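J.: Build me a model from this:
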Amino acid sequence: MRKILIQLIGEQTLPNIFPILSINPDAVVNIFTDKTRKQHRTIMNWCRQYGEKYDIHPEFIQTAPVKTSLSEIKQGIGRVLQNEMEKLRNEKDTMLILNMTGGTKSMSACAISYCMQISNRLKQEGDQPLPVVYLNPENREIEFITEDGQTESVLVRDPREVKLSVAEIIDAAGTAQMVSARKDWQQVYPCAKAIHKIANGGLYFTLNEVNQDNFASYVSSPISAHLRDNDEKRLKRAKAALQELAAMTQQDETLSRGFALCGFVARDGDFFFSDELQKNAAELEILLTADDLQNQQINEMKKAMSRQLGNAANFFVGGWWEVIVAHAYQLENPQAEVLWSVETATRNDLDHAVETDIIATDGHALCCISCKRGIHPQVTQELEQHCTRTRNAHRIDVAVK
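T.: Here you go, the predicted structure:
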């Protein structure tokens, strides 16, 4: 039996994507306004991008957007439904289905009213009725407003069993995409645990910053040389603790492997940047001597190198805590996908990515976790920035201090 899914489109796209995945319709008719035209296109593009993975290949039937006044909404939805009813005359083995989850209240009221009338007429003529369904955000079930006896004919998959990845949910928003993410945090966890033990003893590592002018000397120096603290005694203790950890890492393959993933090698009783990072810095120094480089190009290359070294060095400062939190989240949510150090960017500006410490998903929604270190006002300011970045991306914001 051929299934045609009619959907009301609102500002969120997942309430329309999950029913497509669960119903697997042959065709989709999105009813949208000028304001939600972008969401309509996002849904189409998402289904084309992930159709092969989820075995969905619906034809999207093109319609004109409906207007926003009540009378124009009635006319627009009535026109769409009338067109689909005319097609049914030549396609008897076809079922129309309405997903009324999205859209405005006016759109829902008009669509349900029309569809119930159409369904009664179809039943009187001995044809398939028109079920009206709703994706319940609380239990994530597709509930039948009408014709609940048609459940088996309508649903191919239980929507609760459909699990989307972090990248797929971000793509569903249509405005951003995931640029990079680290899935290797579990291998890094033993290193984070070791630093956590030092922190529990009252020692926190703080490093001098790397910049465009000092990256060459920075990358070649032992990490202990970059430690800083206003308290000389505490600085001495921090260096001793770091060097003791390095000595332990030299004897432990698990720790060596974890620190290597973060860009470090333990040798001579200290930590050093990896051979690869040192090679990259050395090659950049040679490249910067070229006569044909402009100042802007030079600055951009130095910035990129400084950022790369700074991101690596941050593991000793706060990155280890992010891994500890990722591990704790995974223990509480064993089935969740948990990503560390996730960079996302708007689709029209991929060069300016924003990092989120941890993004996890249960397959239906995103949880963003921001881990901050500092006095309360600093943490509050960081949290406000974090919430601003994630407000429009189907995410739940969690701050961990």
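J.: quick one: strands adjacent to the longest strand along the chain?
T.: Longest strand of the chain, by residue count under DSSP state E: strand 337-346. Next to strand 337-346 in the sheet, as set by DSSP bridges, lie strand 176-182 (antiparallel), strand 354-361 (antiparallel).
J.: export the last one as CSV, just CAs?
T.: In CSV, the C-alpha atoms belonging to strand 354-361 read as follows (Å, rounded to 0.1, in the frame of the first residue of the first chain):
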residue,chain,number,x,y,z
VAL,A,354,32.7,27.0,18.0
GLU,A,355,33.8,24.3,20.5
THR,A,356,31.5,22.6,23.0
ASP,A,357,33.2,20.5,25.6
ILE,A,358,30.8,17.5,25.4
ILE,A,359,27.8,16.8,23.3
ALA,A,360,25.8,13.6,23.9
THR,A,361,22.6,12.1,22.6
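J.: residues making contact with that strand?
T.: 164-166, 169, 181, 322, 325-326, 329-330, 333, 336-345, 366-371, 386, 389-390, 395 (C-beta atoms under 8 Å, 6 or more residues apart in numbering). All C-beta spots, glycine's among them, are computed from the backbone N, C-alpha and C.
J.: thinking again about what came up before, tell me which of the strands paired with strand 337-346 sits nearest to Val154.
T.: Nearest to Val154 among the strands paired with strand 337-346 is strand 354-361 (26.1 Å), distances taken as C-beta to C-beta.
J.: list the buried ones in the closest one?
T.: 356-361 (16 or more other C-beta atoms under 10 Å).
J.: Just want the angle from whatever helix or strand comes next after that strand to strand 337-346.
T.: Remark: after strand 354-361, the chain's next helix or strand is strand 366-371, criterion DSSP states H and E. Counting by axes from the mean of the first three to the mean of the last three C-alpha atoms, to 10 degrees, strand 366-371 lies at 90 degrees to strand 337-346.
J.: Against which helices or strands is strand 366-371 packed?
T.: Judged by 3 or more C-beta pairs under 8 Å, 6 or more residues apart in numbering; DSSP states H and E, strand 366-371 is in contact with helix 166-173, helix 320-332, strand 354-361, helix 376-390, strand 395-400.
J.: hang on, the earlier thing: buried among the contacts of strand 354-361? Need that as a selection in ChimeraX.
T.: Only the buried entries of the contacts of strand 354-361 go into this ChimeraX selection, using 16+ other C-beta under 10 Å:
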select :164,166,169,181,322,325,326,329,330,337,338,339,340,341,342,344,345,366,367,368,369,370,371,386,389,390,395
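J.: what sits against Ile97?
T.: If you count contacts by C-beta under 8 Å, 6+ apart, Ile97 has them with 3-6, 23, 25, 130-133, 154.
J.: swap the cut-off to 6 Å and go again
T.: Contact analysis of Ile97 by C-beta atoms under 6 Å, 6 or more residues apart in numbering lists 5, 131, 154.
J.: Would you mind confirming that the first one is in contact with Pro25?
T.: Right, the one you point to is Leu5. Yes. Assessed by C-beta atoms under 6 Å, Leu5 is found in contact with Pro25 at 3.8 Å.
J.: residues near Leu96, how many?
T.: Neighbour count for Leu96, taken as other C-beta atoms under 10 Å: 26.
J.: Just give the closest residue to Ser180, not the sequence neighbours.
T.: Spatial nearest neighbour of Ser180, excluding adjacent residues (C-beta to C-beta, 6 or more residues apart in numbering): Glu343 at 4.6 Å.
J.: and the gap between that neighbour and Gln177?
T.: 10 Å (C-beta to C-beta, to the nearest Å).
J.: all helices of the stretch 101-250 of the chain, in order?
T.: Secondary structure of the stretch 101-250 of the chain (DSSP state H, counting those that start in this stretch): helices at 105-124, 151-154, 166-173, 185-200, 215-220, 232-250.
J.: Format those helices as a markdown table; extra columns: distance to Lys303 and mean pLDDT.
T.: A markdown table is the format used below for those (distance: least, C-beta to C-beta, whole Å; pLDDT from 0 to 100):
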| stretch | distance to Lys303 | mean pLDDT |
| --- | --- | --- |
| helix 105-124 | 48 | 93 |
| helix 151-154 | 54 | 93 |
| helix 166-173 | 26 | 95 |
| helix 185-200 | 26 | 97 |
| helix 215-220 | 10 | 95 |
| helix 232-250 | 27 | 97 |
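J.: so of the ones you listed, which one's packed in deepest?
T.: Mean neighbours per residue, mean count of other C-beta atoms under 10 Å, is largest over the helices of the stretch 101-250 of the chain for helix 166-173, with a mean of 21.
J.: outside of that one, which residues touch it?
T.: With C-beta under 6 Å, 6+ apart as the test, helix 166-173 has contacts from 13-14, 17, 46, 176-178, 337, 339, 359, 361, 366, 393-394.
J.: between these, which is nearest Pro222?
T.: Nearest member of the contacts of helix 166-173 to Pro222, counting by C-beta to C-beta, is Leu339, at 30.8 Å.
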